[in-house]
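Q: predicted model and sequence below, questions to follow.
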Amino acid sequence: MVRERVGDWRLAWRFALAGVIAGILVIALAQTGVTSGAFDNGQDRLFPAPAPDPRITLVAIDQTSAQNLGGFPLVSNDYHAQVINYLMSLHPSVILFDVPLNVETGLDRETGLETNGRLKQALKAAASKLVAVCTADQRPLLEFEQGELIGERSFGVPDHANAVRGVSLRPERTCDENESQEPAFLQALRMSQGITDALTTQGAVTQFGSHRIPMVNNQMLINFTRGTGPTCTYGQIFQGGCPRPDLITNHIVVVGAKVIDAGDVYSQPVDFVHNASFCPEFRPRCMLDNQNYGYRIQADAMSTILQDRYVQVQPDASTKLVILMLGMLVGLIVYLLPFRLGMILTASILGAYFAGIYGLGRLGYLSDPLYAPLAIVFGAIFSLGARYVLEERERRKVERIFGHYIDPRVAQQLAATRSVDDLISKGERRDITALFMDIRGFTTMSETMRADDVLAVIQVYLDDMSKLILKWDGLIDKYVGDEIMALWNAPLPQSNHALLAVRCAYDLINNAAAVQAKLAAKGLPPIGWGIGINTGPAVVGNMGSEDRLQYTALGDTVNTGARFCSAAPAFHVLVGWPTYEACSEYIAVDEMPGLQLKGKSAETFRILKVTAIREDKTSPWVSMPTDTATAAYSAKKGLYSTQSVFA
C-alpha cells in the first residue's frame, strides 16, 4: 500500500487537505461564472422528460395550415372563430388559446363577410371554457375581450445554456387585462379542475389547490416532454374535423402556432426529434432538436402540475458540501491505495457519481453534473502531486542515507519501496549474513610508515574492496580502521544472501593481485587480508544518538563473524555452519579443528574454511584463489623489501 511506502495515518490529513483544497478551488471556479454555461448545459441533460399527460390535446396552426389559410399571422379571425366553435362543440374541459388576439383581419376573401365579429361571437360563446393570452408587449384588442380569462404567455429567464427551464407563477410584468396576474396555463388548470383558491407560497413551495409546487429561483421548473402526444391541426379541422374527436371531449386543448416565423420558438433543456410538420417544406432543418414552440411548452407546464411530477435542483449548500467531501475522499484514496487501484477506484467513483445523478434526474432531482466531477479529478491530481512530492523527498532522504553504503542501484530500489521512517525508526529482527575483513599485521606495519603512506594504503584497499562489495549487492555497514563490515539481507530482503557474501569473498581474494600492483606502483608495501562470514539472526536498524544515527546490525551472529575474521589467515575465508548450510551445494569447505574463538566452545562451535566454489549445481568446482593471492603478495613483498634496502 502507498501508506506503507510514504507514511502512515499521521500523514493522511495532508492528502485529505489536498483534496479539500481542490474542492475549494472548484467552488471558487463556480463562483466566477466562467463555467456556468457548461454547468447549466450539463444539468439540462438530466431533465427526466416523462411522457406527456394524455388529458392534454394540442391543436396547431402548422406550416401547411398557415400556408393554405393565408399565412401566419394573416390567418383570418373567421378561421379562429370556426376552430373555437368546432372545439366547443366537442365539449373540452378548457381551451388555452395561445394565439395573441391583437390583430384585426379584413373581409373574408371568398364570402366578403366581416371576420372580426365572428371571432367576437365565438369568444363570447366559449368564455366559460376559454383562456386567452397576452404579454406586457402584446395586449389583446379591446373588442376581443368577451369575458374570457386572459393570462400571461411568457416564460422564465433562460439559463446560461440559453434554455428556458421554467415559468413564474406570479409574473412581474404582464398586461393590464390579466386581472389574476397569473400565467395563462395556470388559469386554464383552474378552469379545468375547478380550483378557486388563491396561490399561497410558504418557503420554497407554492400551494395551488391540492398541488404543492416546489419553486426554484421563484419559478416552477417545467418537466418537459419529448414532443409526443395527441394532436390536431387547423387544416384537419377544415377538412372534416380532428381524426380523434374523443381526444377533445373532456380534454384540455391547447391551441397555438406551429410556424417557425411566428416568433414563438424557445430553446428548452430536453431534445427530441422533430417531425416534418415543425418546419416549412422548403426549409426542412429550421430548428434545433432542443427548440420547441411556445404552445407545446405551455402544455408541458400543465402536464407537470397535472401529474405532480416536479423538477427540483440540488441546493447550493449541498453542492458545495458534496464537492468538498468528494475531493477529500479521493485525496485519501489516492494516498491510501496503490496507484493503479487508486486510479481504478477514482474512476469508479466518477462513474458511480454520473450514474447516481442520472438516476436522480429520472426522479426529478437535478444534481451537479460538472463541479463535483471536477472535484474528483482535481482531488486525484492534487493528491498525486502531494504524493509525488512526499515520495520524492523520502526517496532523496533514503538515497542520501544509504548511497554511501550500498550500490546506487540498490539505493534507488530501496528509495522506491521504503520510506525513511520504515528504514530508520523501526528496528527488526531478521536473518542476515555478516562479512568482516581486515588487513593482517597492519597495525604493526603502520607504526613504521609515514602517515600519508598509511592513508594511501588504506585508500587503495578500501576503494577496491568497497566496489566489489557493492557489486554483490552488499551493504557496507562501517569502516573501523582497516576493517570493513558488510551485511546482506538488510535492509532489502535477499533470498540467497549467504551465497552472495561468499561469492563476494571470492572476488575480494581474487582481486589481491590488482591491489598489490596498485600499491607497488605507488611505492607502498603489499598487504594481505582475512575474511570471516557468518549467517544468523540479528537486530538491524538505525542506531546511535539523536544527533548521529547509523544503520547497523547487532547480535551474536555479528560478533561471531568478527571473530571468524580475526582468526582467518591472509587470503582465507572462514565461515560458520549456518552459512555453509545456506549454500552447501555451491561451496566446498574444510573444517578447522582445534581453532578456538574467544567466548566460544570449540566442542560445540564449528569453523569452516571455504576451499572451492561453483556457479551452479552442475558447474565444475573452482578453487578459492588463496594460492594466487599469496603468490602475488609474496612477489610484491620481496620487491618492496629490495627497494627499501636501496632506498
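A: That came through, no problem.

Q: quick one: low-confidence parts of this protein?
A: The model of the chain has pLDDT under 70 over residues 1-10, 108-112, 397-426, 545-549, 594, 596, 598-604, 641-647.

Q: remind me, longest helix of this structure?
A: helix 371-402 (DSSP state H).

Q: angles on the backbone of the residue nearest to Gly241 when sequence neighbours are not counted, please.
A: Once flanking residues are discounted, Gly241 sits nearest to Tyr86: 6.8 Å by C-beta to C-beta, 6 or more residues apart in numbering. C-beta coordinates here come from the backbone N, C-alpha and C atoms, glycine included. Per-residue torsions, Tyr86: phi -60, psi -50 (degrees, to the nearest 10).

Q: next one: Pro493 from Gly555, what distance?
A: Pro493 sits 18 Å away from Gly555, going by C-beta to C-beta, to the nearest Å.

Q: these two: who's more crowded?
A: Remark: of Pro493 and Gly555, Gly555 carries more neighbours, 16 against 9, as counted by other C-beta atoms under 10 Å.

Q: find the nearest non-adjacent residue to Leu141, please.
A: Leu141 sits nearest to Asn102 (C-beta to C-beta, 6+ apart), 5.7 Å away.

Q: so what's the residue count around the one you found?
A: Asn102, neighbours per other C-beta under 10 Å, totals 16.

Q: with Gly203 instead?
A: 7.

Q: do the same with Lys320
A: 19.

Q: surely it is in contact with Ala28?
A: No: using C-beta atoms under 8 Å, Lys320 is not in contact with Ala28; the gap is 10.7 Å.

Q: report the beta-bridge partners for Val573.
A: Ile531 (DSSP bridges).

Q: return the residues in contact with it.
A: By C-beta atoms under 8 Å, 6 or more residues apart in numbering, the residues touching Val573 are Val502, Ala505, Tyr506, Ile509, Ile531, Gly532, Ile533, Lys609, Val610, Met624.

Q: wait, what's in contact with the last one?
A: So the one you mean is Met624. Tyr506, Ile509, His572, Val573, Val610, Thr611, Ala612, Ile613.

Q: SS state for the fifth one?
A: Right, Val610. At Val610 the chain is in strand, as set by DSSP: H, G, I helix; E, B strand; the rest coil.

Q: put the alpha carbons of the helix or strand Tyr353 falls within into PDB.
A: Using DSSP states H and E, Tyr353 sits in helix 339-362. What follows is helix 339-362, C-alpha atoms only, in PDB (Å, rounded to 0.1, in the frame of the first residue of the first chain):
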ATOM      1  CA  PHE A 339      -1.500   3.900  -7.700                       C
ATOM      2  CA  ARG A 340      -3.300   1.600 -10.100                       C
ATOM      3  CA  LEU A 341      -6.000   0.600  -7.600                       C
ATOM      4  CA  GLY A 342      -6.400   4.200  -6.500                       C
ATOM      5  CA  MET A 343      -7.000   5.300 -10.100                       C
ATOM      6  CA  ILE A 344      -9.500   2.500 -10.800                       C
ATOM      7  CA  LEU A 345     -11.400   3.400  -7.600                       C
ATOM      8  CA  THR A 346     -11.300   7.100  -8.500                       C
ATOM      9  CA  ALA A 347     -12.700   6.300 -12.000                       C
ATOM     10  CA  SER A 348     -15.300   4.000 -10.400                       C
ATOM     11  CA  ILE A 349     -16.400   6.900  -8.000                       C
ATOM     12  CA  LEU A 350     -16.600   9.200 -11.100                       C
ATOM     13  CA  GLY A 351     -18.700   6.600 -13.000                       C
ATOM     14  CA  ALA A 352     -20.900   5.900  -9.900                       C
ATOM     15  CA  TYR A 353     -21.500   9.700  -9.400                       C
ATOM     16  CA  PHE A 354     -22.700  10.100 -13.000                       C
ATOM     17  CA  ALA A 355     -24.900   7.100 -12.700                       C
ATOM     18  CA  GLY A 356     -26.300   8.400  -9.500                       C
ATOM     19  CA  ILE A 357     -27.100  11.900 -10.700                       C
ATOM     20  CA  TYR A 358     -28.700  10.400 -13.900                       C
ATOM     21  CA  GLY A 359     -30.900   8.200 -11.700                       C
ATOM     22  CA  LEU A 360     -31.800  11.200  -9.500                       C
ATOM     23  CA  GLY A 361     -32.600  13.100 -12.700                       C
ATOM     24  CA  ARG A 362     -35.100  10.300 -13.700                       C
END
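
Q: list of residues touching that helix?
A: 2, 46-48, 326, 329-330, 333-337, 366-369, 372-373, 376-377, 380.

Q: in helices, which of these fall?
A: Counting by DSSP H, those contribute 2, 326, 329-330, 333-336, 372-373, 376-377, 380 to helices.

Q: from those residues, pick the one nearest Leu142.
A: Ala372 (54.4 Å; C-beta to C-beta).

Q: quick one, what contacts the closest one?
A: So Ala372 contacts Thr319, Val322, Ile323, Leu326, Tyr353 (C-beta under 8 Å, 6+ apart).

Q: top of those residues by neighbour count?
A: Ile323 (27 neighbours).

Q: how about the secondary structure of that one?
A: Secondary structure of Ile323, per three-state DSSP, is helix.

Q: which residues in the stretch 51-200 of the chain form strands?
A: 56-62, 94-98, 130-134, 149-152, 166-167, 200-202 (DSSP state E, counting those that start in this stretch).

Q: how far out from the middle of the chain is the fourth one?
A: So the one you mean is strand 149-152. 52 Å (C-alpha atoms, centre = their mean, to the nearest Å).

Q: and for it, what's in contact with it?
A: 130-135, 140, 171, 174-175, 177-188, 191.

Q: are any of those buried, and if so which?
A: Buried residues within the contacts of strand 149-152, defined by neighbour count using 16 or more other C-beta atoms under 10 Å: 130-135, 140, 171, 174-175, 177-178, 180, 182-188, 191.

Q: narrow the residues you listed to those in helices?
A: Reading helices off the buried ones among the contacts of strand 149-152 with DSSP H, I get Ala184, Phe185, Leu186, Gln187, Ala188, Met191.

Q: using CSV, lay out those residues together with distance to Ala486.
A: CSV is the format used below for those (distance: C-beta to C-beta, whole Å):
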residue, distance to Ala486
Ala184, 94
Phe185, 90
Leu186, 90
Gln187, 96
Ala188, 94
Met191, 99
